[in-house]
Structures are given as C-alpha cells and as structure tokens.
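Participant: Below is the sequence, then the predicted model.
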Amino acid sequence: MFENLSERLSGVFDRLTKQGALSEDDVRTALREVRVALLEADVSLPVARSFIKNVEKKATGAAVTKSITPGQQVVKIVHDELIATLRGEGDPGALKIDNPPAPILMVGLQGSGKTTTTAKLAKRLKEREGKKVLMASLDTNRPAAMEQLAILGMQIGVDTLPIVPGEDPVQIAKRAKTQASLAGYDVYMLDTAGRLHIDAELIAQAAAVRDVANPRETLLVVDGLTGQDAVNVATEFDDKIGVTGVVLTRMDGDGRGGAALSMREITGKPIRFVGLGEKMDAIETFEPERIAGRILG
Ligand code: GDP
C-alpha cells in the first residue's frame, strides 16, 4: 500500500549522507518526499504546502543538517509539527454541559454518521459522566431516521423524545427543551435533519433550531473519508451555523486521516471525537498523536 515515510526518507538520506553534511537543498529534497506522503494521506495541496514551509524553517537548522541521523530528525520535526497543528485548545472530549439541561446540537450531511454519533455520545455521557440524557430527532422529512434514533436509544438505555407526527423541527426542539427541564435531564441532544448536500433549506432549518435551543455545543459530524469535501462542508456549516467542534467518522476505514490536518488548518475548528466503527462504543476523543502516526504511515 503506502510506503512508510521514515523508509522513504531514509532512502533519500542514505544517498545524501554519503556526501557529508546536509545542505539546505538536501533538506528540501527530503521535504518533497514528506509532501508526497501528506498528499497520499489526503491532505489538501495548499495545506501540505504551507505545512512544508513551516517544517522547512525548522529543518534547515544546524542540529538537523549535522545530525548523523538526519532522516529521523526530519521525521521527528514533521511529526511534532503535525501534532502542534492538529491539537486544539483544551480537552477535546470535555463537552460544555454545565447548567442543566444543556443543549447539544448535532449537524451534518445525511449519511455522515450523525445519528449514530448522537447515540454514541449520549452513551458516553451517561456511562462516563453519569449524565441523564435526552435525545430528540428533528429529521421530520425522514421518519426512518427518527425511528433509528429511538431504536438506538432503546439499545443504549437513553431516553428519546416521543415522536409526534406533524411537528416541525423548531417545535420538536422546543418540546425537547421543555421536557428536559421538567424531567430533570442534564443534557438534551438535538439530531437535526441531514441532506445529501448543503442547501439553503437545510441551513435555514438548522439555524432556526439553533436560535430556539441556544446550544452549548454545536457538533458537526463529517465523514472522515471524504477528504477535502469534509473540509468544505465544515467551512460552510461553520460560516452559516457556527460550530464548536467537529466529529470525524469512519476513521476505522482505510483513509490515512489527512482530512484531519486540512480541517484544522482551514477551518481552525477543533476535532473533538473520532468515530471508529458502527458499534455504540466505537468513538474516542481525538488524539493528535494517533492521527499524526497514521498520516506519516
Ligand atoms: P446520518 O444519516 O448522518 O444520521 O448517518 P447514520 O448515523 O445513519 O450512519 C450512516 C451509516 O454509517 C450507518 O450504517 C452507521 O452505522 C455508519 N457509521 C457511522 N459512524 C461510523 C464510523 O465511525 N465508522 C463506520 N465504519 N461506520 C459508521
């Protein structure tokens, strides 16, 4: 499959070190290999370019060029820079859920894994933090999606707001809020409607729900395998709705995780969680070290 970056670089440096100390040109040659590795990992071209520029500044110092293992030194600098870029501020897993009932708005395209992620996070809040959680589906266009959330709720032992036919998403959000207050829930999660593409109606609906719920967290769920598309989706949702974090799903797949780097660089939004499968426990808080390792191969 992919050639490991360290191997790739050691090949380059084997050739170079025979000629004595490394020049800046040698480092540049090595960084071209890094760039290829980033692009193969699905990092977008402008992001790969600006990333390499940063690394180049650090890698042309004497400590690297005079080192007896310049390949490893460059890999370490690349690795550290990746982690620094991927890391957001604070603990990605710490959701703002003080002042009960705390609303969490879940947004994203249809098929991104939004409903699954809603249930996974609800289960986590219940089991790890002892929170009483209410989930509500706002996907009035797709009764099957509403049913799906109810079924997942039963599986994980988390309540869902009863479905009342004919209500619109804003009415459901209001009812969820009232129910959460009256019945002493710590958190209520609003699983908004998804569509295959972002359109004006989707955004208007999510914005209307946001305005009534006043969410403490707005989490955007995106398919981590969709690379640059995931970044475009995030940019648009953040511009129109405002998101407090991103959940990258399908990180159990073959992808190398480059979308994570592009996501951080382009949107500046923290990646909070990664989805690692279909099961209800298959979610973890985002760890930059793991993704960096994957990107570098
Ligand atoms: P929604 O339309 O955005 O609500 O998407 P769903 O939550 O219904 O998920 C669509 C499909 O993706 C379902 O079959 C999920 O089991 C699956 N899925 C969700 N998250 C993950 C993940 O992290 N990894 C894998 N492999 N599948 C996932």
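Facilitator: Alright, I've got the coordinates.

Participant: what about stretch 270-290, near the ligand?
Facilitator: Yes - with CB under 6 Å from any ligand atom as the criterion, the ligand is reached by stretch 270-290 at 275-278, 282. C-betas here are computed from N, CA, C, even on glycine.

Participant: And the residue of the stretch 151-297 of the chain that's closest to the ligand?
Facilitator: Proximity of the stretch 151-297 of the chain to the ligand (CB to the nearest ligand atom) peaks at residue 275, 2.5 Å away.

Participant: Residue 7: neighbour count?
Facilitator: For residue 7, the neighbour count with other CB atoms under 10 Å is 10.

Participant: So it lies in a helix, does it not?
Facilitator: Yes - applying DSSP: H, G, I helix; E, B strand; the rest coil, one finds residue 7 inside a helix.

Participant: follow-up on the earlier one: got the contact list for the residue of the stretch 151-297 of the chain closest to the ligand?
Facilitator: 113, 116-117, 120, 221, 224, 247-252, 282-283 (CB atoms under 8 Å, 6 or more residues apart in numbering).

Participant: who in the stretch 151-297 of the chain is up against the ligand?
Facilitator: Checking the stretch 151-297 of the chain against the ligand by CB under 6 Å from any ligand atom, the hits are 194, 249-250, 252, 275-278, 282.

Participant: Where do the strands of the stretch 1-150 of the chain begin and end?
Facilitator: For the stretch 1-150 of the chain, strands defined by DSSP state E, counting those that start in this stretch occupy the ranges 102-108, 133-137.

Participant: Compare those strands and report which one is nearest to residue 182.
Facilitator: Residue 182 lies closest, by CB to CB, to one member of the strands of the stretch 1-150 of the chain: strand 133-137, at 10.6 Å.

Participant: average model confidence for the closest one?
Facilitator: For strand 133-137, the mean pLDDT works out to 98.

Participant: Could you report the distance from the residue of the stretch 151-297 of the chain closest to the ligand to residue 30?
Facilitator: 34 Å (CB to CB, to the nearest Å).
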